[in-house]
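**Student:** structure for this input, please:
(one chain, ligands or ions: 1)
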Amino acid sequence: MHQSGTIFTGVDCIKSLEHFFSQEVKRYSGIFILTDTNSRMHCLPLLMGQFKFPEDTKFLETEPGEQNKNLQVCTKVWQELAALGADRYSLLICLGGGVVCDLGGFVASTYQRGIDFIFFPTTLLAQVDAAIGGKTGVNLGKLKNYVGLFSPPNAVYIMTSFLQTLPYVELLSGYAEVVKHSLLSSEKYYHQLVLQFPDINAIQSTSNWETVVERSVKIKNNVVQSDPYEKGLRKVLNLGHTAGHAFESYALAHYGKPLPHGFAVAMGLIVELDLSVIHCGFDPKLASEISDYLLSVFPFYAFASDKIPEITQLMGFDKKNKAGAIQMTLIKKPGDLITDVACSHETIEKSLIEYLSKGNSFGFAKTF
Ligand code: NAD
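**Tutor:** Alright, predicted model coming up:
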């Protein structure tokens, strides 16, 4: 696993792509581009307008959405590749969000025992997270990412110009990972981020994602490089996710409608910052400053307080658990994370109550 040096951003990305399309592309017997309907409509014209693709480039398309990240769709893409004559010397270009990258990377890694593939991530989440780290795969029924491989792409080309057409909810959802990355990095970087994006308007209206995306990619890639097969250190990336996944499961079970992943992560970060104050000595003043920022940017989702035991229970089903206590990744201070902190049901319930009390002070809520 050696992804470093294969992720291109900014000017490097354009230069490298010019070289790729004029030279490297000749190495392949065929070029195949996988998109979903949205990335085909919004992103493919941008890419094809900027670079000269071989005339016999072939196109494959899937329906958008998480529900299409499954083995049936993989089979359809494998069959289409075969019908279009893809061989072991073909290249699959995955142009899309995390779903296209996860599925396309898995399809390419297994087609004829593995062909080359590259990523052009087109959502903020895919650019800062899904396309980085070499994890590919699909869902197995309701079991998320149950079938897959550690298989890094040959290259990742990150063009933030794709983000211009991204729906706002998707943009904001990806932004939660950006905030998480800043906490993995340093207090200084967290404050720089807040300065650049003080409110929702700034997030919605900026066309300048370049530096923020680059920084996030570096932060995630550093973690991944030190633990490519997720044996330990990579767990720091789970900050906000144990509680976040529980909120996602809860929303799905009771309302049948998924909570945007990043919104759940933002809620999870608030809860886990509170737990970090209790368990790791995180500065309470800074924790409430960060929570207030998250609450000012992300929607506050309220739940009935009698549902707290159920949500706590859902955290117990998280993959990262050992018997009895709930194991979480918490934070001592920005840049200093602690993995496998055993948290009791009681402390988690207290932190969920604390979360609910924060919403009241802001006076707005979405209830689920
Ligand atoms: P997504 O791929 O479903 O994209 C979100 C929506 O935006 C889709 O409707 C898509 O068609 C549309 N879209 C994509 N780019 C667009 C653009 N530029 N303009 C307009 N619309 C656009 O979702 P996502 O949030 O990008 O990714 C979520 C997936 O990523 C999940 O399946 C998750 O499991 C996975 N993921 C993987 C990793 C990993 O390490 N492999 C990490 C994090 C998340």
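**Student:** quick check: the nearest residue to S207 once chain neighbours are set aside vs G97, distance?
**Tutor:** Among residues not flanking S207 along the chain, Q164 sits closest, at 6.5 Å (CB to CB, 6 or more residues apart in numbering). Quick note: C-beta positions are derived from backbone N, CA and C, even for glycine. Distance, Q164 to G97, using CB to CB, to the nearest Å: 14 Å.
**Student:** which one's more surrounded, these two?
**Tutor:** G97 (28 against 12; other CB atoms under 10 Å).
**Student:** in this structure that one contacts A130, no?
**Tutor:** Yes: between G97 and A130 there is a contact under CB atoms under 8 Å: 7.3 Å.
**Student:** what's the pLDDT at G316?
**Tutor:** pLDDT for G316: 80.
**Student:** so how many other residues sit close to it?
**Tutor:** Residues near G316, counting by other CB under 10 Å, number 14.
**Student:** ok, Y146 next?
**Tutor:** Residues near Y146, counting by other CB under 10 Å, number 12.
**Student:** next one: K332
**Tutor:** K332, neighbours per other CB under 10 Å, totals 15.
**Student:** so it, which of the three states?
**Tutor:** When classified by DSSP: H, G, I helix; E, B strand; the rest coil, K332 comes out as strand.
**Student:** what sits in contact with each of G97 and A130?
**Tutor:** Common neighbours of G97 and A130, using CB atoms under 8 Å, 6 or more residues apart in numbering, are 121, 123.
**Student:** now for A325, how many residues are close by?
**Tutor:** By other CB under 10 Å, the residues close to A325 number 16.
**Student:** pLDDT score assigned to K320?
**Tutor:** K320 carries a pLDDT score of 54 in this model.
**Student:** ditto for the one 10 residues further on
**Tutor:** We have a pLDDT of 98 for L330.
**Student:** and if you look at the one 10 residues further on?
**Tutor:** pLDDT recorded at D340 is 94.
**Student:** ok, E214 - how many residues close by?
**Tutor:** Close neighbours of E214, defined as other CB under 10 Å, add up to 18.
**Student:** got the CA positions of the helix or strand where it lies in CSV?
**Tutor:** Using DSSP states H and E, the element containing E214 is helix 210-226. Provided in CSV are the C-alpha atoms of helix 210-226 (Å, rounded to 0.1, in the frame of the first residue of the first chain):
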residue,chain,number,x,y,z
GLU,A,210,-8.6,24.2,-2.7
THR,A,211,-6.6,24.8,0.4
VAL,A,212,-9.0,23.3,2.8
VAL,A,213,-9.3,20.1,0.7
GLU,A,214,-5.6,19.9,0.3
ARG,A,215,-5.1,20.2,4.0
SER,A,216,-7.7,17.5,4.8
VAL,A,217,-6.2,15.1,2.2
LYS,A,218,-2.8,15.5,3.9
ILE,A,219,-4.2,14.9,7.4
LYS,A,220,-6.2,11.8,6.3
ASN,A,221,-3.4,10.5,4.1
ASN,A,222,-0.8,10.8,7.0
VAL,A,223,-3.0,8.7,9.2
VAL,A,224,-3.7,6.1,6.5
GLN,A,225,0.0,5.8,5.6
SER,A,226,0.9,4.9,9.2
